[in-house]
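>>> After the sequence you'll find the predicted model.
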Amino acid sequence: MPTPGAYSPAIRQRPCSPFVGTFSYEGYHSEPIHNATAPASAAYPTTNQAYYHPIVIPKFTVIYRFFWLNGATVGTNNIQVGIYNDNDAGTDGPGNAVLRGTSTLSAGANICQFDNVTDTAIGPGLYWLGIWCSGTTATLFRSTPNNLHGKMTGAYTEAAGAGGLPATATPAQLGTPYIPVYGFTTISAP
Amino acid sequence: MSHYVQGYPVEVIANRQFTVSTMNSNMPGRSANNSTPASQAWLAANEAIYVPIFFTDPCIVYRVGVGAGGTAGGNFDIGLYDMAGTKLQSTGTQVRTLSAFNQVDWTDLTVFPGWYYAALSADSTANYSGVAPAAGLCEAAGVCKQATAFTLPATATLTRTDRALIPGIVFTVRSIAV
């Protein structure tokens, strides 16, 4: 059985994946797949709720585009993706936003949707991806591992309100695991 | 009395493997699907799939391979591209042997650390080994495709995939002498 892709040899750090996300090497969340099931289409759980998922960036890289993987139902709710610093306030979880994308109506069933943002360089370290949705009709590909495996991923959540992802996160521990497929690309195309 | 020092090839220390494959557990191709690679029908005749793959250390790729399913016939072409879509090397058309791991010794290719695209093209829909997550999951892993790409072109026209297939493309490596 493959092991989760969280280990990087000390000899030479691996560069960031072309698509950095919750299920890439940087996101740890392949672990729920190994212990549960592959992501599938499902409705967003709660209106105006934000979810935060940790990623580890091993080297300087550039964010070109945010992306998320739409499910079967699109065109009814807006989605926004961003990335946050770790622990600005000295507590666990995400802190201030590094970069937030634009709240965008979901479009394109069962394919990735992209939000082209200003090219933004980030250094190595722990960050938090954030995702927000304006309703519960839109669907995303997501994994819902059991609570134990979900807590192993260290995700947080927040009732963010209608304004989308906040400038500063106020994270609360996640009770029900929810891990959508989303993140950013380190390549400008395709 | 001299002490014995175990010598490890670089690929054992860094890559921890003698092959670098799209099916390695820490590659994007495996990030969204943990199922055992199995025989999968090829997408369409003459179509190519490009799968992001990384090499941790400088090494020499001296052999490439892919598993083939039980249907007879067809030819394949395996290649390695840089992230801009420029072909570094390919096998050219190779006769496919059914129900076997098809290996090709090619000219030694020195590869440096970084990301590449592993490419496989086939001129029929005969089966090859791989995994078949939902097409969107393949896309979210950075997998690309190209129609009418047999044999593999000098410059790939990379389009995000809408196919539910990640083939198991294998590169056999050895250390660079230092």
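Alright, I've got the coordinates.
>>> Tell me, how many residues neighbour residue 113?
Looking at chain A here, since you left the chain open. 21 (other Cβ atoms under 10 Å in any protein chain shown). (Glycine included, C-beta is placed from N, CA and C.)
>>> Not quite, go with chain B.
Neighbours of residue B:113 using other Cβ under 10 Å come to 15.
>>> What of the one 4 residues further on?
A count of neighbours around residue B:117, defined by other Cβ under 10 Å, yields 28.
>>> That one should be in a strand, yeah?
Yes: counting by DSSP: H, G, I helix; E, B strand; the rest coil, residue B:117 is found in a strand.
>>> confidence score at it?
We have a pLDDT of 98 for residue B:117.
>>> Could you do residue A:155 as well?
Value for residue A:155, per-residue pLDDT: 85.
>>> Any chance of the backbone angles for it?
Per-residue torsions, residue A:155: phi -80, psi 160 (degrees, to the nearest 10).
>>> got a list of what it touches?
By Cβ atoms under 8 Å, 6 or more residues apart in numbering or on different chains, the residues touching residue A:155 are A:51-54, A:174, A:177-179.
>>> Just the closest of these to chain B, please.
residue A:179 (11.5 Å; Cβ to the nearest Cβ).
>>> Contact residues of chain B facing chain A?
Counting by Cβ under 8 Å from any Cβ of the partner chain, chain B comes close to chain A at B:13-14, B:16, B:24-26, B:28, B:30-35, B:52, B:54, B:56-57, B:83, B:113-115, B:133-137, B:139-142, B:144, B:158-160, B:162.
>>> Just the buried ones from the residues you listed?
B:14, B:24-26, B:28, B:30-34, B:52, B:54, B:56-57, B:83, B:115, B:133-137, B:139-142, B:144, B:158, B:160 (16 or more other Cβ atoms under 10 Å in any protein chain shown).
>>> quick one: the helices in chain B?
B:10, B:28-31, B:135-140 (DSSP state H).
>>> least trustworthy helix or strand in chain A by mean pLDDT?
helix A:30-35 (a mean of 56; mean pLDDT, DSSP states H and E).
>>> Ok, chain B next?
That would be, for chain B by mean pLDDT, DSSP H and E, helix B:10 at a mean of 47.
>>> Quick check, the residue in chain B closest to chain A?
For chain B, Cβ to the nearest Cβ, closest residue to chain A: residue B:25, 2.9 Å.
>>> Report pLDDT for that residue.
76.
>>> Could you name the specific helix or strand carrying the closest residue to residue A:106 other than its chain neighbours?
Of all residues not flanking residue A:106 in the chain, residue A:74 sits nearest, at 4.3 Å (Cβ to Cβ, 6 or more residues apart in numbering or on different chains). Under the criterion DSSP states H and E, no helix or strand holds residue A:74.
>>> Please name the nearest non-neighbouring residue to residue A:162.
If you skip the residues right next to it in sequence, residue A:162 has residue A:48 as its closest partner in space, 5.5 Å away by Cβ to Cβ, 6+ apart.
>>> coming back round to it: following element in sequence after the least confident helix or strand of chain A, please.
Trace forward from helix A:30-35 with DSSP H and E and the next one is strand A:40-43.
>>> Contact partners for residue 159?
Let's take chain A. A:46, A:48-50.
>>> not quite, I wanted chain B
Residue B:159 sits in contact with A:190, B:144-146, where contact means Cβ under 8 Å, 6+ apart.
>>> how much space is there between residue A:81 and chain B?
Plainly put, residue A:81 is 13 Å away from chain B if you go by Cβ to the nearest Cβ, to the nearest Å.
>>> now that residue, which residues is it bridged with?
For residue A:81, the beta-bridge partners are residue A:131 (DSSP bridges).
>>> cool, and residue B:94?
Bridge pairing for residue B:94 (DSSP bridges) gives the partners residue B:76.
>>> what does residue A:41 give?
Going by DSSP bridges, residue A:41 is paired in beta bridges with residue A:141.
>>> mind listing what it touches?
Here residue A:41 is in contact with A:71-73, A:110, A:139-141 (criterion: Cβ under 8 Å, 6+ apart).
>>> now, among the residues you listed, which is nearest to chain B?
The closest of those, once distances to chain B are taken by Cβ to the nearest Cβ, is residue A:110, at 5.0 Å.
>>> And the nearest residue to that closest one once chain neighbours are set aside, how far from residue B:168?
Among residues not flanking residue A:110 along the chain, residue B:136 sits closest, at 5.0 Å (Cβ to Cβ, 6+ apart). According to Cβ to Cβ, to the nearest Å, residue B:136 and residue B:168 sit 20 Å apart.
>>> surely residue A:38 meets residue B:133?
Yes: Residue A:38 lies in contact with residue B:133 (Cβ atoms under 8 Å); the separation is 5.9 Å.
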